[in-house]
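Novice: requesting a structural model of the entry that follows:
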Amino acid sequence: MSIPIGLQYQEKYERYFLFVTCIVIVVASLISLLVHIHRSKSLHRWGMLPVLLANCILYSLMNILYFVLYKDNYDYYTIREVDIKLVVWQGSVNDVTEVVMSLASTLLALDRVLVMTWPLLYHVHNMGRKLAAFSCFVTLGLYVVHSSLVLLMDVRPEETFFGLLVYFNYSIIEKVLPSALVIEALLHIVFCIHFQRFSRRAQNAIARKQAAQVGPLSIVYPLILLQVNHITLFQIVSHTLLCALPHLVIFVEHVCDWEMDWINCIYPFYSSAFCVSVLLFTLFTLYKLKPTKCFEKVHSNSVLYYMRQPT
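Specialist: Numbering: from 1, shown residues only. Reported below is the predicted structural model:
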């Protein structure tokens, strides 16, 4: 009986694909992060977008570390306890990274909804930084708990920390991740509705300012808001198609105890699809943050202004 293509890919090629893809993600995310910090004012410099980019870097570094530490020739008679802990860490850290990425994606959508719905309160209460701080706190907490359980566990299955680690990862896979995906989907729907309304208002505001012969610098802020919203919208589409929908199908099949062979065929590609989603997001973010040169003419004084606008 031949081995399914999905399992062959997962055993032989997946780690190489993830390694190369994650290197590209790290480079693109670092450039995007530096461009965002350089271009933004101090008030808007630290928000959910740079936090999500930082999570992309962390996600990629975890996969690169997995590739570097990977071994497929363990001797199970002489294997050391540290190697067992390493195997357990490698087999479970991806679940944590996916939850962290989904959480950051959800908070980015929430951040955009808040800034479009209550812009004054958003800036007065500095909600962007608070959401970013909350995301960093939860991310750090998940990684610390997971790594601590791996380090403290014993190799015996009856040991307390081994059971806690199993329960922790079971909760991540069966409870936290599906709940995060549901909340993320609801916030994405709300974001799309507000984004459509905001786009109309922003375009009308820019048109009114241009008709009133206002200088180009006064229309940069709504353009930047549209720029970040475009990034969020693209991230929503890529994450939904490549991550949320496949995971939802797999979760429903598991809960309903269905036997569908095609689901078993796509399951080995889920980690690669998740990585491709992160790659597309980072490349699109880099494209949108790339400044372009343009000239805006102000008719009131016939002065030619030079500025850098978002794509």
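
Novice: for the chain, what spans make up the helices?
Specialist: Remark: helices assigned in the chain by DSSP state H are 5-8, 14-39, 48-69, 81-117, 119-124, 127-152, 160-171, 177-211, 220-239, 245-256, 261-266, 270-289.

Novice: I'd like those laid out as JSON lines, including mean pLDDT.
Specialist: JSON lines is the format used below for the helices of the chain (pLDDT from 0 to 100):
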{"stretch": "helix 5-8", "mean pLDDT": "72"}
{"stretch": "helix 14-39", "mean pLDDT": "90"}
{"stretch": "helix 48-69", "mean pLDDT": "88"}
{"stretch": "helix 81-117", "mean pLDDT": "78"}
{"stretch": "helix 119-124", "mean pLDDT": "81"}
{"stretch": "helix 127-152", "mean pLDDT": "85"}
{"stretch": "helix 160-171", "mean pLDDT": "60"}
{"stretch": "helix 177-211", "mean pLDDT": "65"}
{"stretch": "helix 220-239", "mean pLDDT": "74"}
{"stretch": "helix 245-256", "mean pLDDT": "71"}
{"stretch": "helix 261-266", "mean pLDDT": "67"}
{"stretch": "helix 270-289", "mean pLDDT": "90"}
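
Novice: reformat these as a markdown table; add mean neighbour count.
Specialist: From N, CA and C alone the C-beta is placed, and that goes for glycine too. Listed next are those as a markdown table, based on neighbours: other CB atoms under 10 Å:
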| stretch | mean neighbour count |
| --- | --- |
| helix 5-8 | 13 |
| helix 14-39 | 18 |
| helix 48-69 | 20 |
| helix 81-117 | 20 |
| helix 119-124 | 12 |
| helix 127-152 | 16 |
| helix 160-171 | 15 |
| helix 177-211 | 15 |
| helix 220-239 | 19 |
| helix 245-256 | 14 |
| helix 261-266 | 12 |
| helix 270-289 | 21 |
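
Novice: what lies in contact with stretch 59-66?
Specialist: Stretch 59-66 has contacts (CB atoms under 8 Å, 6 or more residues apart in numbering) with 15, 18-19, 22-23, 25-26, 29, 90, 93-94, 97, 100-101, 275, 278.
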